[in-house]
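**Q** pasting the structure only:
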């Protein structure tokens, strides 16, 4: 038997249960991983709350982790028992001592990257990769807006943007988070708790606004984000930390200057094993070169996943939080 977190109904962190379970043997194209560290992400709370419905209930939780291959299916050729691996794109069930998942969802983990680093960076780092390198391929010299710049994804975006020679304006919610975003490489910060974000963007860009705005907050920042995009620019809405964006009026895009909007997901960009490994290799290279530092601000035992999610939802964390089996 092994231990895992599961939930049988939707709700707050209190619906999470720490239970014994019998993990399945891997299917022909699957691998069973003995997790050494597990990533904690906002998307986990979406599945728990029901914003994103899981395939079945009761359900496991979590899509990100790192560990050692414990067993492989009969048709798996790219991995063998004992390999160091990491994953970030599901299926649900990472919040467990063992996790069975398709081999195509795994990447090889270099010896230079620790299990804790991988669990802390895979989902957030690959998200930053597709945002900055694919959704809107930054060339250097652009001035961009990135919401929640001191958060999990934002902390990596600040560093990656600086490495690319991009001026990142980051929104934050406190003076402490502003200082942290600046340390990580943000060119400028805006404290949304008392500053007018759109007005400050106008001032910082000398009236030009930004060619791209990255918004992982959702409902609370949607209109502000639109007001910060330059004519014919792109709003990248990639998360729902404050709730889902709904009731979008396409006419607003015309009024504000023929704007573009996209709602991307990591799964759509890392849609083949080759692309997933390519993205991961670039991410690992950024870490090994020192251009990207993985800050693990909190470590929780797996059994305390509810407390970890409570802290995450209350925005009491900066950087990354991991769970340890």
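**A** Ah, there it is. Predicted, not measured: the structure shown is a model, and the values here were computed from it.

**Q** figure out how far stretch 209-219 is from the centre of its chain.
**A** Distance of stretch 209-219 from the chain centroid (C-alpha atoms, centre = their mean, to the nearest Å) equals 15 Å.

**Q** quick one: contacts of it?
**A** 42, 131, 136, 138, 142-148, 151, 153-154, 157, 169, 201-202, 221-222, 225, 228-231, 233-246 (C-beta atoms under 8 Å, 6 or more residues apart in numbering). Yep, even glycine has a C-beta here, placed from its N, CA and C like the rest.

**Q** before we move on, what about stretch 263-276?
**A** In contact with stretch 263-276 (C-beta under 8 Å, 6+ apart) are residues 78, 88-90, 103-105, 107, 123, 126-127, 130-131, 134-135, 236-238, 279.

**Q** average pLDDT across that stretch?
**A** Average pLDDT, stretch 263-276: 95.

**Q** kindly report the same for stretch 78-92.
**A** 95.

**Q** quick check: buried residues in it?
**A** 79, 83, 84, 85, 86, 87, 88, 89, 90, 91, 92 (16 or more other C-beta atoms under 10 Å).

**Q** next, the third one: phi, psi?
**A** Spelled out, it's residue 84. phi -90, psi 130 (degrees, to the nearest 10).

**Q** circling back to that earlier point, list only those of the contacts of stretch 209-219 flagged as buried.
**A** By 16+ other C-beta under 10 Å, the contacts of stretch 209-219 give 42, 131, 136, 138, 142-148, 151, 153-154, 157, 169, 201, 221-222, 225, 228-230, 233-242, 245 as buried.

**Q** now, which of the residues you listed lie within strands?
**A** Members of these lying in strands (criterion: DSSP state E): 143, 144, 145, 146, 169, 229, 230, 233, 234, 235, 236, 237.

**Q** residue 283: which of those is nearest?
**A** residue 146 (17.5 Å; C-beta to C-beta).

**Q** that closest one is in contact with residue 161, isn't it?
**A** Yes. Taking C-beta atoms under 8 Å as the definition, residue 146 is a contact partner of residue 161 at 7.4 Å.

**Q** what residues are shared contacts of those two?
**A** Jointly contacting residue 146 and residue 161 under the rule C-beta under 8 Å, 6+ apart are 168, 186.

**Q** can you tell me the closest non-neighbouring residue to residue 201?
**A** residue 228 (4.5 Å; C-beta to C-beta, 6 or more residues apart in numbering).

**Q** what's that neighbour in contact with, if anything?
**A** Neighbour list for residue 228: 145, 197, 198, 201, 209, 210, 213 [criterion: C-beta under 8 Å, 6+ apart].

**Q** how far away is the second one from residue 185?
**A** According to C-beta to C-beta, to the nearest Å, residue 197 stands 19 Å off from residue 185.

**Q** how about the fourth one?
**A** With distances defined as C-beta to C-beta, the gap from residue 201 to residue 185 amounts to 18 Å.

**Q** and the third one, by the same measure?
**A** Using C-beta to C-beta, one obtains 23 Å as the distance from residue 198 to residue 185.

**Q** these two: who's more crowded?
**A** Neighbours per residue (other C-beta atoms under 10 Å) separate residue 198 from residue 185, with residue 185 holding more: 23 against 17.

**Q** find the nearest non-adjacent residue to the more buried one, please.
**A** The shortest distance from residue 185 to any non-neighbouring residue, by C-beta to C-beta, 6+ apart, is to residue 162 (3.2 Å).

**Q** elements contacting the helix or strand harbouring that neighbour?
**A** According to DSSP states H and E, residue 162 maps onto helix 152-164. Here helix 152-164 touches helix 115-130, strand 143-146, strand 167-172, helix 175-184, strand 320-324, going by 3 or more C-beta pairs under 8 Å, 6 or more residues apart in numbering; DSSP states H and E.

**Q** great, nothing more from me.
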